[in-house]
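Novice: Fold the following for me, if possible:
(one chain, ligands or ions: 1)
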Amino acid sequence: MQRDTQIFNLINQELHRQRSGIELIASENFTSLQVIQAMGSVLTNKYAEGYPGRRYYAGCEIVDQTEQLAINRLKQIFNIEYANVQPHSGAQANAAVHLAVLKPGDKILGLDLSMGGHLTHGSPVNYSGKLYEAHHYGVVKETGLVDYEMLEQKARELKPQLIICGASAYSRDWDYERIRKVADEVGALVMADIAHPAGLIAKGLLNDPFDHCHFVTSTTHKTLRGPRGGIIMMRKDFENPFGITDNKGNVRMMSALLDLAVFPGIQGGPLEHVIAAKAIAFGEILSDEYTDYAKQILKNSQALAKAFVDKDYNLISNGTDNHLMLIDLRNKNISGKKAEQALVKAEITANKNMVPFDDKSAFITSGVRFGVAAITTRGMKENDMQFIADAVDKIITNADDESVILSVKKSVNEFMEQFPLYPELG
Ligand code: DSN
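Specialist: Okay, the predicted model is just below:
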């Protein structure tokens, strides 16, 4: 076949974009080159429906080993009994947990999307809000912190089968113990979606959800810095309490029900090239180098948050415990959408985001979300955060001035030359 220069030219353009700009999207990161190489490997050719040692296809002896390594390494990272590394994404991981423990019409209770939650935590436009009776808790208006009293009150009133914690745009740590307490009181199971802070939890820098939450799900490409994908974990396996059975009517341990929910429940063949890349990323996470990386994320996040506060930016909850911060731009008289568009022109990539109690729609928004996982991978330290806050501020306060935007873009491109990305790729 002829080489598809059209696509490879575009891939090169994307490499250039990633190299020359400042990546502040909180859910993005730069994987190592070996992770990328595994994803571009011959493992993509292999069908392997089933699990290591029990597949529906022949010739799985090698991918059995790569998948088992991914499972073993993930178990070691979080000190857990059960791991499923097959979900194609975080949304699939959440869907599999839901399928394993809920019947259509069952009640779920999660953080509202407009308060920082995620689509799969019961949004009406998502399967989770269509198949299940979804209810939500929020954050306290004055503090921006999760409203645990509201969560407890709703849990007692509704008696949901599943309480979901975790978020996409929440900068503070979670009180998993408190959530488990009310869950036990009302007979609910608890699922923590740690897609955003997983890398910090892996290194003990944030509260550990595993002792308190029956299920923990995550993506693998945010702070975990692996390939795009999902995972499901449990510290301890247990018997399904709701009498949900397998296809033959047998009551099974949750591990079996979760495995069945992923395959054949919601997925067919696992992406073994991505699973091998997950194994590599998990190996990297077990290293001391990654421990330093995770600590640096927190230092950078604190430094960036302070730099914004010093410039009179309004951070929801007044700060951050993790890798991200959510900024309410209403005192700067600019919408999230306009800020995002102006920042992109200066090659600073961040996303508009609703803030709690937002008066604007999800398409416009009053806020913007910044994360430091990707720039920390680029090698930035606390001292570099001032440059970023200055550049962002210049754009936000001059969003209609093309000459200012152009001069910031130039300084951004020069600044990023200090932080090489994939130099091996030429
Ligand atoms: N909601 C996406 C994000 O945090 O960017 C992840 O699904």
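Novice: okay, CA-based contacts and neighbour counts for the rest of this
Specialist: Noted.
Novice: Return the residues in contact with residue 230.
Specialist: Contact analysis of residue 230 by Cα atoms under 8 Å, 6 or more residues apart in numbering lists 85-93, 217-220.
Novice: what's the farthest-apart pair in those?
Specialist: Comparing every pair within the contacts of residue 230 by Cα to Cα identifies 85 and 91 as the most remote, at 13.3 Å.
Novice: re the thing from before, let's see which of the contacts of residue 230 end up in strands.
Specialist: Members of those lying in strands (criterion: DSSP state E): 217-219.
Novice: what mean pLDDT would you report for stretch 231-250?
Specialist: Mean per-residue pLDDT for stretch 231-250: 87.
Novice: do you know how far residue 250 is from residue 90?
Specialist: For residue 250, the distance to residue 90 (Cα to Cα, to the nearest Å) stands at 28 Å.
Novice: Residue 189 now?
Specialist: Counting by Cα to Cα, the separation of residue 189 from residue 90 is 19 Å.
Novice: returning to what we had before: and residue 85 and residue 91? Which one has more around it.
Specialist: residue 85 (29 against 22; other Cα atoms under 10 Å).
Novice: What confidence value was assigned to the more buried one?
Specialist: 99.
Novice: Backbone dihedrals for the residue in the stretch 151-300 of the chain that the ligand sits nearest to, please?
Specialist: In the stretch 151-300 of the chain, the residue that lies nearest the ligand is residue 168 (4.3 Å; Cα to the nearest ligand atom). Backbone torsions for residue 168, taken as degrees, to the nearest 10, come to phi -100, psi -20.
Novice: which residues touch residue 49?
Specialist: Neighbouring residues of residue 49 by Cα under 8 Å, 6+ apart: 55-57, 263, 268-270.
Novice: By neighbours, which of the residues you listed wins?
Specialist: Busiest of the contacts of residue 49 [other Cα under 10 Å] is residue 270, holding 22 neighbours.
Novice: Now that residue: closest residue in space, sequence neighbours ignored.
Specialist: Among residues not flanking residue 270 along the chain, residue 86 sits closest, at 5.6 Å (Cα to Cα, 6 or more residues apart in numbering).
Novice: So what's the residue count around the one you found?
Specialist: By other Cα under 10 Å, the residues close to residue 86 number 29.
Novice: ok, back up a step: which of residue 250 and residue 90 has more residues huddled nearby?
Specialist: More crowded of residue 250 and residue 90, by other Cα under 10 Å: residue 90, with 23 against 10.
Novice: Pull the contacting residues for that one.
Specialist: By Cα under 8 Å, 6+ apart, the neighbours of residue 90 are 195, 217-220, 229-231.
Novice: from memory residue 210 sits against residue 217, does it?
Specialist: No: in this structure, residue 210 is not within contact of residue 217 by Cα atoms under 8 Å, at 10.4 Å.
Novice: Can you pick out the residue with more neighbours from the two?
Specialist: Comparing residue 210 with residue 217 by other Cα under 10 Å, the one with more neighbours is residue 217, at 27 against 21.
Novice: Can you tell me who the more buried one pairs with across the strands?
Specialist: Following DSSP bridges, residue 217 is listed with bridge partners residue 193, residue 232.
Novice: farthest pair in the contacts of residue 49?
Specialist: The largest separation in the contacts of residue 49, counting by Cα to Cα, is between 57 and 263 at 13.8 Å.
Novice: so what's the backbone phi/psi at the residue nearest to residue 270?
Specialist: phi -90, psi -20.
Novice: on that earlier part again, of the contacts of residue 49, closest to residue 156?
Specialist: Taking Cα to Cα as the measure, residue 156 sits nearest to residue 263 out of the contacts of residue 49, at 33.7 Å.
Novice: right, and that closest one touches residue 50 too?
Specialist: Yes: counting by Cα under 8 Å, residue 263 does reach residue 50; the two are 6.7 Å apart.
Novice: Find the residues that touch each one of the two.
Specialist: residue 269.
Novice: Contacts only, for the closest residue to the ligand within the stretch 301-426 of the chain.
Specialist: Nearest residue of the stretch 301-426 of the chain to the ligand: residue 351, at 8.2 Å (Cα to the nearest ligand atom). Neighbour list for residue 351: 25, 336, 340, 368-370 [criterion: Cα under 8 Å, 6+ apart].
Novice: Mind doing that once more with 6 Å?
Specialist: With contacts defined as Cα atoms under 6 Å, 6 or more residues apart in numbering, residue 351 is in contact with 340, 368-369.
Novice: Please list the members of the residues you listed that lie in helices.
Specialist: Members of these lying in helices (criterion: DSSP state H): residue 340.
Novice: Reformat the contacts of residue 351 as CSV; add distance to the ligand.
Specialist: Supplementary listing: these in CSV, determined by distance: Cα to the nearest ligand atom, whole Å:
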residue, distance to the ligand
340, 14
368, 12
369, 9
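Novice: Now which of the contacts of residue 351 would you call buried?
Specialist: Using 16 or more other Cα atoms under 10 Å as the burial test, the contacts of residue 351 include 340, 368-369 as buried.
Novice: still on that earlier bit, now rank the contacts of residue 90 by neighbours and give me the top one.
Specialist: Most neighbours among those, by other Cα under 10 Å: residue 219, with 30 neighbours.
Novice: who touches it in this structure?
Specialist: Counting by Cα under 6 Å, 6+ apart, residue 219 has contacts 90, 195, 229-230.
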